[in-house]
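Trainee: sequence first, predicted model second:
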Amino acid sequence: MNKQRLIFILALFVGISGALYFSPLLQSPFLNLSTTIKITYLNQIKALNDSYSKHISQSQTIAYLQRRNAFYEKELLTLHQVADEYQNLLLEYNSTFQTQPSIKLVRTLSYVRMGDPHKLWIEMENFTSNHVYGLLYRGVVAGIVVSRNKRPIALLNGDSKSSYAVSVGNSQAPGIARGTNSRHLLIEFIPTWIPIAIGDEVTTSGLDQIFLSGLKVGKVISISRSSGYQNATVEPYFYAKNPTYFHVITKAR
């Protein structure tokens, strides 16, 4: 009798685990609960860290911030001057071209699945589930943000479903970057008549409206050909470092 009861309990546990694993409908309440717990925990850790930081090396921190503030003020004035000249040029030529990019800071919550370093749950306000967002870390491309169960999930560069439009080298050869579930990226569909070389820098083209143009992705380390196109293997500038915070491009143009 005890053996039958044990078998029944094990079968029930396996059934429930399988249902939770394969059914998005059943996953949602558990995901929402886990997300709430993670956010609360991270907020508490951040509050403790902030409180601790206020009492450590305050004089050094203030001096450093004053120096950085002076530097950024100078840079801001320079940017204002460039932007003013740019707007004057647009007016001079009666151009209707506008650039209004928008970015926001987002916080990492956890891995989507242990053992996979390329997928992360993130905390993001005003998330639109049918939109693909560009993901940045310290100014370089880190991947994309998409929806899973109507929640924002970061697909880092290594993920095979992380894909975006790029340009290769000084020739600006167009291609599509995607992850290979490894350290390297693969740039596909590069026209064979446009020359590329090992060492060429890869940047975003902006043609997919996921990223702005000219953002750094990585450098070409090898080149091959298949199906009438060139392929380039790229060493990305960012790979699965899993920082606590990223920037997301919410509007490229």
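Mentor: Received it, and whenever you're ready, just let me know what you need.
Trainee: Asn43 should be in a helix, yeah?
Mentor: Yes: assessed by DSSP: H, G, I helix; E, B strand; the rest coil, Asn43 belongs to a helix.
Trainee: can you verify my assumption that Ala232 contacts Phe189?
Mentor: No: taking contacts as Cβ atoms under 8 Å, Ala232 lies outside contact range of Phe189: 10.5 Å. (C-beta placed from N, C-alpha, C; glycine too.)
Trainee: more neighbours: those two, which one.
Mentor: A direct count of neighbours by other Cβ atoms under 10 Å for Ala232 and Phe189 places Ala232 higher, at 28 against 14.
Trainee: checking the residue lying closest to the more buried one once chain neighbours are set aside next. Helix, strand or coil?
Mentor: Once flanking residues are discounted, Ala232 sits nearest to Ile187: 4.2 Å by Cβ to Cβ, 6 or more residues apart in numbering. Following three-state DSSP, Ile187 is assigned to strand.
Trainee: in what helix or strand does the residue nearest to the spatial centre of the chain lie?
Mentor: Nearest to the mean C-alpha position of the chain, counting by Cα atoms, centre = their mean, stands Leu135 at 2.5 Å. Using DSSP states H and E, Leu135 falls within strand 133-137.
Trainee: quick one: contacts of that strand?
Mentor: The contact list for strand 133-137, computed with Cβ atoms under 8 Å, 6 or more residues apart in numbering, reads 103, 141-146, 152, 154, 156, 164, 204, 210-212, 215, 238, 241, 243, 246-250, 252.
Trainee: from the residues you listed, which land in strands?
Mentor: Counting by DSSP state E, the contacts of strand 133-137 place 103, 141-146, 152, 154, 156, 164, 204, 246-250 in strands.
Trainee: mind checking how far the residue nearest to the centre of the chain is from Leu156?
Mentor: 8 Å (Cβ to Cβ, to the nearest Å).
Trainee: got any residues that touch both of those two?
Mentor: 142-143.
Trainee: buried residues in stretch 154-171?
Mentor: 154-159, 162-169 (16 or more other Cβ atoms under 10 Å).
Trainee: actually, stretch 38-45.
Mentor: For stretch 38-45, the neighbour count (16+ other Cβ under 10 Å) marks 38, 42 as buried.
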